[in-house]
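Chemist: compute the structure for the input listed below.
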Amino acid sequence: MSRKLIVATAQLGPIGRDEPRASAVARMISLMEQAYERGVKLIVFPELALTTFFPRWMIENPNELATFFETEMPSSETQPLFDAGKRLGMGFYLGYAEEVVENGTRHRYNCSIIVDEKGEIVGKYRKIHLPGHFQPEDWRPFQHLEKRYFEHGNLGFQVHDAMGGKLGMCLCNDRRWPETFRVLGLRGAELVMLGYNTPMHYPQAPEHDHLQDFHNHLSMQAGAYANGCWVIGTAKAGCEEGCDLIGGSCIIAPTGEIIAMTQGLGDEIATAEIDFDRCKELRENVFNFALHREPGDYGPICEGAETRDRMRADITENSVFRAH
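Modeler: Down below sits the predicted model:
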């Protein structure tokens, strides 16, 4: 039985601060229709694909901040995307800002979902490696307040059976941490999908600016190769509200090779046929975890968890999502 699937990375150009969701959804549907013409069955959209990257601003008005979050999925504004996927027989990955009430408490997460070809949500992920800072810093040309606006994800790195394979998710900064791909690999992920919003300028170390595209691909290619899995990375790209974002959306084979990549910084798709069975080329050989992995010697990876958890609790206690 063939386990091949034609997939697409669906890069989005800039989304304006005042651009309505209906516009972003229409742009994504247009990309889906282009992908359908190429036989695509699974398409990957960016992180925070429904809005501009709002953590670049200090937003003190709680009502304004709330406008960037989804309280239901699908909603009346996003239902057309689900309808298009079902009509085209195409599954998709979508990143967005989630607001949810659980056990009587409101929470906000940087979130992504997998929707299958029937229009059903079959997996959810909440971002774990939140970058940036909590308090606004005047010296920065733009802010990166993910730690202020989002909680640490509480769903872990799960793997979902869908679209004929085992699918995993992460978001943006997660790709820089090898543990992300290793946990997903240990759980059998054959494809890892991730969206990102990555500035070209890195204020803390501007001497690294010219390496942004290199580091983006390096982390994803290494994750693919070291875990014998496919990776699809999708950017929100271009000059968004004065902030230049990298592109380079791509599809990466389990060998670490980029086999398809977007060429510009606007709305664009790149497609390729993937074969889930190719994961065996690595997992039954050089990266046979059962035969070659030595977890007994990896203790330092998890040391310091108690200190980390105390610091995280302090941030959570003072953060925006607890304050309103």
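Chemist: which positions within stretch 101-111 qualify as buried?
Modeler: 107-111 (16 or more other C-beta atoms under 10 Å). The way it works is simple: take the backbone N, C-alpha and C, and place the C-beta from them, glycine included.
Chemist: any weak-confidence spans in the stretch 1-150 of the chain?
Modeler: 1 (pLDDT under 70).
Chemist: do a quick rundown of the strands in it.
Modeler: 4-11, 42-44, 91-102, 105-115, 121-126 (DSSP state E, counting those that start in this stretch).
Chemist: most packed of those?
Modeler: strand 42-44 (a mean of 28; mean count of other C-beta atoms under 10 Å).
Chemist: what lines up beside that strand in the sheet?
Modeler: strand 4-11 (parallel), strand 91-102 (parallel) (DSSP bridges).
Chemist: between these, which gets nearest to H215?
Modeler: Set against H215 and scored by C-beta to C-beta, the strands paired with strand 42-44 come closest in strand 4-11, at 17.9 Å.
Chemist: one step back: can I get the strands of the stretch 1-150 of the chain in JSON lines with distance to W57?
Modeler: Converted to JSON lines, those look like this (distance: least, C-beta to C-beta, whole Å):
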{"stretch": "strand 4-11", "distance to W57": "23"}
{"stretch": "strand 42-44", "distance to W57": "27"}
{"stretch": "strand 91-102", "distance to W57": "13"}
{"stretch": "strand 105-115", "distance to W57": "16"}
{"stretch": "strand 121-126", "distance to W57": "22"}
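Chemist: and the ones you listed: which comes nearest M220?
Modeler: Of these, nearest to M220 by C-beta to C-beta is strand 4-11, at 11.1 Å.
Chemist: and that closest one, how far from the chain's centre?
Modeler: 15 Å (C-alpha atoms, centre = their mean, to the nearest Å).
Chemist: try stretch 148-168
Modeler: Worked out by C-alpha atoms, centre = their mean, stretch 148-168 lies 10 Å from the chain centre.
Chemist: check stretch 202-220 too.
Modeler: 18 Å.
Chemist: could I get the strands paired with strand 42-44 in CSV, plus columns for distance to P254?
Modeler: As requested, the strands paired with strand 42-44 are arranged in CSV below (distance: least, C-beta to C-beta, whole Å):
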stretch, distance to P254
strand 4-11, 14
strand 91-102, 18
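Chemist: for stretch 230-241, buried residues please.
Modeler: Within stretch 230-241, the residues that count as buried by 16+ other C-beta under 10 Å are 230-238, 240.
Chemist: can you check which of the strands of the stretch 1-150 of the chain gets nearest to N63?
Modeler: strand 91-102 (12.8 Å).
Chemist: returning to that earlier point: quick one: which of the strands paired with strand 42-44 is nearest V122?
Modeler: The nearest among these, by C-beta to C-beta, is strand 91-102 at 8.3 Å.
Chemist: what angle separates the closest one from strand 121-126?
Modeler: 60 degrees (axes from the mean of the first three to the mean of the last three C-alpha atoms, to 10 degrees).
Chemist: excluding its backbone neighbours, what's nearest R278?
Modeler: Leaving aside its sequence neighbours, R278 sits nearest to P254 (C-beta to C-beta, 6 or more residues apart in numbering; 5.4 Å).
Chemist: which non-adjacent residue is nearest I269?
Modeler: Nearest to I269 is A8, by C-beta to C-beta, 6+ apart, at 4.7 Å.
Chemist: quick one, helices of the stretch 51-200 of the chain?
Modeler: Secondary structure of the stretch 51-200 of the chain (DSSP state H, counting those that start in this stretch): helices at 62-66, 79-88, 146-149, 178-186.
Chemist: for those helices, give me TSV that also has distance to V122.
Modeler: Output for the helices of the stretch 51-200 of the chain, formatted as TSV (distance: least, C-beta to C-beta, whole Å):
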stretch	distance to V122
helix 62-66	28
helix 79-88	12
helix 146-149	26
helix 178-186	16
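Chemist: tabulate these in a markdown table, adding columns for distance to I43 and mean neighbour count.
Modeler: Shown next, in a markdown table, are the helices of the stretch 51-200 of the chain (distance: least, C-beta to C-beta, whole Å; neighbours: other C-beta atoms under 10 Å):
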| stretch | distance to I43 | mean neighbour count |
| --- | --- | --- |
| helix 62-66 | 29 | 13 |
| helix 79-88 | 8 | 18 |
| helix 146-149 | 25 | 22 |
| helix 178-186 | 20 | 20 |
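Chemist: so for L94, which of those helices sits nearest?
Modeler: It's helix 79-88; of the helices of the stretch 51-200 of the chain, that one is closest to L94 (C-beta to C-beta) at 7.3 Å.
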